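**Q** Fold the following.
(2 chains)
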2 protein chains.
Amino acid sequence: MPGRRGLCGVGGASVDRLWSFSFPSFRIHWCAWGSFGGRADGELSKGFVEALKAVVGSSHVSTAVAVRQQHGHDESMHRCQPPDAVVWPQNVEQVSQLAALCYSQGVPIIPFGTGTGLEGGVCAVQGGVCINLTHMDKILELNREDFSVVVEPGVTHKALNTHLRDSGLWFPVDPGADASLCGMVATGASGTNAVRYGTMRENVLNLEVVLPGGELLHTAGLGRHFRKSAAGYNLTGLFVGSEGTLGLITAATLRLHPAPEATVVATCAFPSVQAAVDSTVHILQAAVPVARIEFLDDVTMDACNKHSQLNCSVAPTLFLEFHGSEQVLAEQLQRAEEITQDNGAFHFSSAKEAEERSRLWAARHSAWYAVLALRPGYKGYSTDVCVPISRLPEILVQTKEDLKAQGLTGAILGHVGDGNFHCLLLVDPEDPEELHRVMAFSELLGRRALALHGTCTGEHGIGLGKRQLLQEEVGAVGMETMRRLKAMLDPRGLMNPGKVL
Amino acid sequence: MPGRRGLCGVGGASVDRLWSFSFPSFRIHWCAWGSFGGRADGELSKGFVEALKAVVGSSHVSTAVAVRQQHGHDESMHRCQPPDAVVWPQNVEQVSQLAALCYSQGVPIIPFGTGTGLEGGVCAVQGGVCINLTHMDKILELNREDFSVVVEPGVTHKALNTHLRDSGLWFPVDPGADASLCGMVATGASGTNAVRYGTMRENVLNLEVVLPGGELLHTAGLGRHFRKSAAGYNLTGLFVGSEGTLGLITAATLRLHPAPEATVVATCAFPSVQAAVDSTVHILQAAVPVARIEFLDDVTMDACNKHSQLNCSVAPTLFLEFHGSEQVLAEQLQRAEEITQDNGAFHFSSAKEAEERSRLWAARHSAWYAVLALRPGYKGYSTDVCVPISRLPEILVQTKEDLKAQGLTGAILGHVGDGNFHCLLLVDPEDPEELHRVMAFSELLGRRALALHGTCTGEHGIGLGKRQLLQEEVGAVGMETMRRLKAMLDPRGLMNPGKVL
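**A** Numbering: from 1, shown residues only, chains lettered A, B, ... in the order given. Purely as a prediction, here's the structure:
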């Protein structure tokens, strides 16, 4: 990020510049200062919309119903009112000016990336202005020797890896959807490679953040991309996973990893969930540096067989992937096969060829659609929890019993090496009673995870859907500390209001 | 941590309990509410000392000059007044009561572990009560299958690894000194294994923290030890590296790793610093999973040869360590040797035998004393910076020129895989002018690191010594955000005052 901004020679220079803007006061019916009471008749005045256009240009502001509705939800079933306007800033200076304008006028601000979230994080609970950051999609800086890259918020992880293809480097965090990297920072995303390469928390080196009032913060200092530091409080870590409630992330400096020399995948089926999880623990204990170790239950395997023309056993299954040199891979594969067979695995098979590997992972990443296809016309409801790995067998067995007891169709799959799994539930959109049971099930699953010393979400975030569970997870002092953090950075409560807390 | 405390069934339960204590008001001459102005005649009243004794017992409170002086400094040359009293709590309930007592009376609180810090983090700038946590030294919980452990603040990393010896697990973060683990959390320690296993930031899963007023916070929720989470703000990350300025860490849940099946070390000498750093970058780019890769300059090698009876070349040198299976090690070693020789290395030699390996690492960890021995009677001044690895050669060359220009004796060694290095400077304690030059050199080195997009400290922390550099590193908005964080958690500014900010 060094030097790219006239806005801020030092982190602080921007403040005066921004606070020196003075906006005429537009009459708008809005929630009062600091109020979270929602709004009945909120409406952007003509003058305010003109002010938005003055910042980003007329063609980058829309109040069209279709556009607003498209920006009023993510891929989940959480629904609420759409934002009152959508704007597409072209650079960080415009983002700062938009934030200063909205904040000075008491207008809620909702950051928007690819809209692929799963907990309603982009819903405009109180209306306001949706700031769509996808037009800012440049890769600003690649430091090969330093294993780091600086990206604008519209760059997706697939776009970054395409850009890196010939560099010998890659960015491993992959949540499945082709999400924007700064959106992944905001939700603290992880995915299939986390067991070896970590989540966003371990792979973000620095962030450029527009604070609610428009000030520009560089969490590790302007242009810095060192590997580690013990200098002051960890501001970067504070914004990873903040779900757009503390500021707008306008650039991220990410840690890159050397591209694996060779890759091999393996699949094996097990007589029981316990056997699959035991194999996972033993593989980790043996320090086999597995890059991916994914669990798919019998329902998921059945769906994948049908949808992706696999012919795997319909049984608890592990998909594994190993990265390294040819010689190292052979040894890793052999040790993994021995361990899984000691645990009763059958049908252990592996593939080195890129084509077969991508066929398998395409099937894994299409599991969501495969499960949806089990019940045409139904919608999917996805939930995610994470527990200490030793507690996985009991919660997976309990969850299958709960599904049966509730008469729900649900598939279980997950990043078993982290103790993180998802339940994909099918619901008839015409049947509100079933939706009610699905949501009750999701809450029960969250509470089961909490009772086993786990967390109510391993990677989807809190958003709208899990605020009650968060309170149960962190307790009164934890919640009070989070509320004070929010109030410290967003005293008017206008930054993506109604989320997380 | 589950269930060990009567104090807090839920995170919040402790609050009322603690705030319901009422302490009689003791007459003490103290810095006013919120003031950082230091103090001229601060003195603990008899009544206050009695109140401390009432909490921890008479035998666990001392106001003896020798004891206070012993607790008034760390291993650095930073000096200031000692604390007015030292107390040894036996459990978290006592820590909470001590914090509530001190806070209600406006008395500064300084947490103390092993006193092995290097930036004056335990100096009692405003006097006050030093809380020595070393009597709380139990390993509370070991979850082998979950790769996690819960330790009290007095447990050191060596004590933990001794306890783990037969478990097949270990805790890799090793700053050199046998520091307490919660002290390592507080300074965000790292050390020689960080290149592969990460620093404290990546290895802390949960913290129990007594907040300044006595409230008990579990940063990830009471008793939780999951591997990852996207639930709310990252409170754990906020306290790692907070240097005792936000609260007292009374328990830490740490991530463990499988003990390596086999280990091999290698050393090789290079014709230049550039060649040693280039080798490091190429080894990392080749994805050779090196566990340690340490740089020692010619001065350090000369000192180690003399002090530890090595007979290595007096030249820029790398010490490397590899972890894995026998077969994997052979391949890693071969690739590392090829890479270093392509970069002109000479005298590449390796050792598998435990005895030879520990002789080499003992020499590396004794480098501090080896360098001190170069000038009998002199004291050592250690500083640390971290830069993007591509900038290492230029800063190392510049640093050697600065040493020459300043007429100072200094040795350079570091964790080159992270871009982090230390400079050990020798200073005549009878020569204040030389001490002045040493401190000026340290500041110059910090500024050189900042100019190269680095940080003024990779692992020692800010403490007393680097507060000005921190301001230059994070900028005005960064500093303001840190100040607001501090004020949010410690409104009276009594928690280890005068440090970091």
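
**Q** Determine the longest helix present in chain A.
**A** For chain A, the longest helix by residue count, based on DSSP state H, is helix A:467-489.

**Q** For A:Gln406, which residues are in contact?
**A** Residues near A:Gln406 by C-beta atoms under 8 Å, 6 or more residues apart in numbering or on different chains: A:437, A:440-441. For the C-beta atoms, the positions are set from N, CA and C on the backbone; glycine is no exception.

**Q** could you flag which of those residues are buried?
**A** A:437, A:441 (16 or more other C-beta atoms under 10 Å in any protein chain shown).

**Q** coming back round to it: buried residues in the longest helix of chain A?
**A** For helix A:467-489, by 16+ other C-beta under 10 Å, it's A:467, A:469-482, A:485-486, A:489.

**Q** ok, which of those residues also contact chain B?
**A** A:469-470, A:473-478, A:480-482, A:485-486, A:489 (C-beta under 8 Å from any C-beta of the partner chain).

**Q** Next, the residue in the stretch 201-350 of chain A that chain B sits nearest to: phi, psi?
**A** Proximity to chain B, evaluated over the stretch 201-350 of chain A using C-beta to the nearest C-beta, is greatest for A:Gly237 at 3.2 Å. Main-chain torsions, A:Gly237, degrees, to the nearest 10: phi -60, psi -30.

**Q** What's the local residue count around it?
**A** 24 (other C-beta atoms under 10 Å in any protein chain shown).

**Q** Provide a list of residues in contact with it.
**A** Applying C-beta under 8 Å, 6+ apart, the residues contacting A:Gly237 are A:201, B:201, B:234, B:237-238.

**Q** ok, 7 Å please
**A** A:201, B:234, B:237-238 (C-beta atoms under 7 Å, 6 or more residues apart in numbering or on different chains).

**Q** Am I right that A:Arg201 sits in a helix?
**A** Yes - membership of A:Arg201 in a helix is supported by DSSP: H, G, I helix; E, B strand; the rest coil.

**Q** ok, it - how many residues close by?
**A** 24.

**Q** State the pLDDT value of the closest residue to it other than its chain neighbours.
**A** Computed as C-beta to C-beta, 6 or more residues apart in numbering or on different chains, the closest residue to A:Arg201 that is not its neighbour in sequence is A:Val240, at 5.3 Å. pLDDT, A:Val240: 98.

**Q** One more: the one 5 residues further on?
**A** Reading off the per-residue confidence, A:Thr245 sits at a pLDDT of 98.

**Q** Now do the SS call for it.
**A** Per three-state DSSP, A:Thr245 ends up coil.

**Q** pretty sure it contacts A:Lys486?
**A** Yes - A:Thr245 is within contact range of A:Lys486, at 6.3 Å (criterion: C-beta atoms under 7 Å).

**Q** returning to what we had before: same list (the contacts of A:Gly237) but as CSV, adding distance to A:Asp297.
**A** Shown next, in CSV, are the contacts of A:Gly237 (distance: C-beta to C-beta, whole Å):
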residue, distance to A:Asp297
A:Arg201, 27
B:Asn234, 31
B:Gly237, 33
B:Leu238, 37
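
**Q** and which of those residues is nearest to B:Cys386?
**A** B:Gly237 (18.1 Å; C-beta to C-beta).

**Q** What is the burial count for A:Leu101?
**A** Other residues near A:Leu101 come to 22 when the count uses other C-beta under 10 Å.

**Q** for the one 5 residues further on, same thing?
**A** As a burial measure, the neighbour count of A:Gly106 was computed by other C-beta under 10 Å and equals 19.

**Q** now do A:Lys352
**A** Using other C-beta under 10 Å, A:Lys352 has 13 neighbouring residues.

**Q** Phi first, then psi, for the residue nearest to it when sequence neighbours are not counted.
**A** The shortest distance from A:Lys352 to any non-neighbouring residue, by C-beta to C-beta, 6+ apart, is to A:Val264 (5.0 Å). Backbone torsions of A:Val264, given as degrees, to the nearest 10, read phi -140, psi 140.

**Q** Ok, the one 10 residues further on next?
**A** The phi/psi pair for A:Gln274 (degrees, to the nearest 10) reads phi -60, psi -40.

**Q** give me every residue that touches it.
**A** A:Gln274 neighbours (C-beta under 7 Å, 6+ apart): A:Pro393.

**Q** A:Leu372 now?
**A** A:378, A:380.

**Q** ok, for A:Leu360, nearest residue in space, not its chain neighbours?
**A** Once flanking residues are discounted, A:Leu360 sits nearest to A:Val265: 5.5 Å by C-beta to C-beta, 6+ apart.

**Q** so that neighbour sits in a strand?
**A** Yes - judged by three-state DSSP, A:Val265 forms part of a strand.

**Q** pretty sure it is touching A:Ser358, no?
**A** No - if you go by C-beta under 7 Å, A:Val265 and A:Ser358 don't touch, sitting 9.3 Å apart.

**Q** Looking at the two, which has the bigger crowd around it?
**A** Ranked by neighbour count (other C-beta under 10 Å), A:Val265 and A:Ser358 place A:Val265 first, with 23 against 13.

**Q** Please report how far that one lies from A:Ser190.
**A** 19 Å (C-beta to C-beta, to the nearest Å).

**Q** do A:Ala487 as well
**A** Taken as C-beta to C-beta, the span from A:Ala487 to A:Ser190 is 28 Å.

**Q** quick one: contacts for A:Phe441?
**A** Counting by C-beta under 7 Å, 6+ apart, A:Phe441 touches A:402, A:406, A:408, A:425.

**Q** All set now, cheers.
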